[in-house]
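Peer 1: I would like to see how this sequence folds:
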Amino acid sequence: MAQHTASAEARDGSKDGPAALDADLLGHRRGAWPVINPNVPNVARMYDRFLGGKDNYEADRAAAAEALRLNPDAARCARGNRAFLGRAVRFVAGSGVRQFLDVGTGFPSMGNVHEVAQSVHGDARTVYVDYDPVVVQHGRALLATDGHTVMVEEDLRKPGRVLEQAADLLDFGRPVCVLLVACLHFVTAQEDPYRIVKRLMRFTAPGSYLVISHVIKTPKTVAAAAAYQGASAPVVLRTDTQVGRLFTAAGVELVEPGLVRVPVWRPEVDSQLAAEDAARVDFLGGVGRKA
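Peer 2: Residues are numbered from 1 along each chain as shown. Modelled structure (predicted):
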């Protein structure tokens, strides 16, 4: 059993109680099999559609199609972000980290965090966190035979609860990689993403890493954001400076090449091709290390 270094102190009490799910949207209560409303577009299923997945409904496909109409590069952004995730995990694992906490993970897809991490360290441990009970069911089915990986149902807006549950598998006395990939742009200013990253990293050991990717505010993304207004979560667009402040709030130092468009973060393709791709991908990504 992992050491519960973070559990007692990280417990949030009344401020960060159990995740409050929208019962009308999800038709779900804790302990019950998740029931969804297929007529309400879901941001995780829309992302799955952009990646060419099959875990989506007609409402999700229609909303994704509208996003693509408004921003023809929306699917390219999703693919670029997914590729960044794999490169970031390989980099962090190559730096010696064997523990990963993927918060707001979304539906399983090719090149999942645990698969990439275990390709470097066979004993790597991964905790996936998502508040969507349908995503959680898919994840648990995929991970049924993997003793080094678990999926928990929790809301990233409740960082204390996330840490408490993750401590069942992860040892927060040793370095951990916290991943917040393509999820903080669904956190409003009132929900305070800066507080979330600060609290998550506060309980990690020196040598831990923080991986963030975030859609940024451009004319194309402003247009495409309209497609998310009727979805399970609206998109909150932020500037480069606002995204950079997430790393500052977390108390980590960005590793090279810093905070950049995701295709040019340590690319595995020709640098010119990566730069051409980056011009069309309105996602920033970076990796920070805690000293």
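Peer 1: pLDDT weak spots in this protein?
Peer 2: Across the chain, the stretches falling below the confidence threshold (pLDDT under 70) are 1-36.
Peer 1: ok, the residue most central in space within it - contacts?
Peer 2: In the chain, the C-alpha nearest the mean C-alpha coordinate belongs to residue 181, at 3.3 Å (Cα atoms, centre = their mean). Counting by Cβ atoms under 8 Å, 6 or more residues apart in numbering, residue 181 touches 81, 84, 85, 88, 102, 104, 211, 212, 213, 285. Every residue, glycine included, has its C-beta placed from N, CA and C.
Peer 1: got it, and residue 231?
Peer 2: Here residue 231 is in contact with 40, 41, 42, 43, 46, 63 (Cβ under 8 Å, 6+ apart).
Peer 1: could you find the closest non-adjacent residue to it?
Peer 2: Closest residue to residue 231 apart from its sequence neighbours, by Cβ to Cβ, 6 or more residues apart in numbering: residue 41 at 4.1 Å.
Peer 1: and that neighbour, how many neighbours does it have?
Peer 2: Applying other Cβ atoms under 10 Å, we find 27 residues neighbouring residue 41.
Peer 1: how near is it to residue 182?
Peer 2: Distance, residue 41 to residue 182, by Cβ to Cβ, to the nearest Å: 16 Å.
Peer 1: ditto for residue 197
Peer 2: 14 Å.
Peer 1: in the stretch 151-291 of the chain, mark out all the strands, start to finish.
Peer 2: Taking DSSP state E, counting those that start in this stretch as the criterion, the stretch 151-291 of the chain carries its strands at 177-181, 209-215, 253-254, 260-261, 283-289.
Peer 1: residue 75 contacts residue 47, correct?
Peer 2: No - at 9.8 Å, residue 75 does not count as touching residue 47 under the criterion of Cβ atoms under 8 Å.
Peer 1: if anything else comes up later, I'll come back, but that's it for now.
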